[in-house]
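# Requesting a structural model of the entry that follows:
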Amino acid sequence: MYKYINLLFGLIFLAACNSATQEQSASQEAETDTTNYQTTGSVERISDQLDEIVSTNAKLEILAEGYEWTEGPVWIPQGSYLLYSDIPPNSIFKWKEGEGASLYLKPSGFTGENFEGREPGSNGLILDNQGKLVLCQHGDRRISRMTTPLDEPAPEFETIVDSYQGKRLNSPNDLAYLSNGDLYFTDPPYGLPGGADSDAKELDFQGVYRYSEADDELVLLTDELSRPNGIGFSPDGKTMYVANSDPERAIWMAYDVNDEGNTENGRVFYDATDMTADAPGLPDGFAVHSDGYLFATGPGGVWIFSPQGEHLGTLKTGQATANCTFNEDESVLYITADMYLMRIVLKGEAS
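A predicted model of the protein is given here:
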């Protein structure tokens, strides 16, 4: 009798253990589950060299959508998240793996009232050497710094630069720091009410500038580009690249950077003017890989160039594509494309 009772209790105990093990396994599986993002577009491979930096099975993933015009992505290493502008609604959004997208800051580029143009918000975003968020603010026509901590965002800003020789800037668009701390930026008219024909325009050109915050010195590097846009540097800091988003002259320029931090020997790095009629988008923002490759938004998506200017391939988003940036180990490229936020895994795991 006792033998059968002990056997019965043993079976009950074994069943309970199996059930607990199954629940624990299911819980662990849920914790490690990742979102299956919708994929889009394609990767056009022109050179086998592209395989060295973009995996042959890489796919473009849509992380978030429903925006008006996304721009200015910047990766925040200390929080492992991305910030990016949505210019028309005057907002910055945050995207983090496992949490998705959420509103981060509003207003972001125009802090006044009754903006009359189409692009009031922030555009290019970057972190300074103190880890503060620095913004190109279309509506306020300046470059500013958010004075609150990154994890406590608020529309509280201090002006870094807003004028040249006593005249207000047009609408700073994109920016980059050189290793010595100097800030370089482009100033097209896109944020002005009425654009280049706006009565509010005080400068008769679209400039590319170098600003030394330590000396409070603003230097005009060139006024020869009709629509200067994306800006960045080669890994050694000796070459500055600038995109010109003009359909009549859709080019990327390269300039030598001299010992004073100014530029010389401007030349066309690549001319995509003939492609503007066949695919949406123009030369816009870009990111420079530590190996010198340029990931540059242009007609049809993100063009990838060797440091010598060879077109290696294109990440074809199917959208007018505005900008892109890497995460901290360059294993992922994040892309702002019209109403979308996208990414593509290059080499390594997504983060």
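# Who are the contact partners of residue 279?
299-301 (Cβ atoms under 8 Å, 6 or more residues apart in numbering). C-beta coordinates here come from the backbone N, C-alpha and C atoms, glycine included.
# Find the helix or strand that it is a member of.
Taking DSSP states H and E as the criterion, residue 279 maps to no regular element, lying outside all helices and strands.
# before we move on, back to that, mark which of the contacts of residue 279 are part of helices, please.
Judged by DSSP state H, these include no members of helices.
# If we only consider those, which is nearest to residue 192?
Ranked by distance to residue 192 (Cβ to Cβ), these are led by residue 299 at 24.8 Å.
# Confirm for me that the closest one is in contact with residue 272.
Yes - look at residue 299 against residue 272 with Cβ atoms under 8 Å: they come within range, at 5.8 Å.
# still on that earlier bit, same list (the contacts of residue 279) but as TSV, adding pLDDT and distance to residue 281.
Putting the contacts of residue 279 into TSV (pLDDT from 0 to 100; distance: Cβ to Cβ, whole Å) gives the following:
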residue	pLDDT	distance to residue 281
299	98	5
300	97	6
301	98	7
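# Can you say which of those are buried?
Neighbour counting with 16 or more other Cβ atoms under 10 Å marks 299-301 as buried within the contacts of residue 279.
# any shared contact partners between residue 299 and residue 272?
Jointly contacting residue 299 and residue 272 under the rule Cβ under 8 Å, 6+ apart are residue 250.
# Quick one: the strands in the stretch 151-300 of the chain, in order.
157-161, 163-164, 167-168, 175-177, 183-187, 207-212, 217-222, 228-233, 239-246, 249-257, 263-271, 286-288, 294-298 (DSSP state E, counting those that start in this stretch).
# what does the stretch 1-150 of the chain give?
39-40, 42-45, 60-65, 70-76, 81-86, 91-96, 100-105, 122-127, 133-137, 142-146.
# okay, the ones you listed in CSV with distance to residue 230 and mean pLDDT next?
Conversion of those to CSV gives the following (distance: least, Cβ to Cβ, whole Å; pLDDT from 0 to 100):
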stretch, distance to residue 230, mean pLDDT
strand 39-40, 22, 97
strand 42-45, 20, 97
strand 60-65, 20, 98
strand 70-76, 10, 98
strand 81-86, 14, 98
strand 91-96, 18, 98
strand 100-105, 22, 98
strand 122-127, 8, 98
strand 133-137, 11, 98
strand 142-146, 15, 98
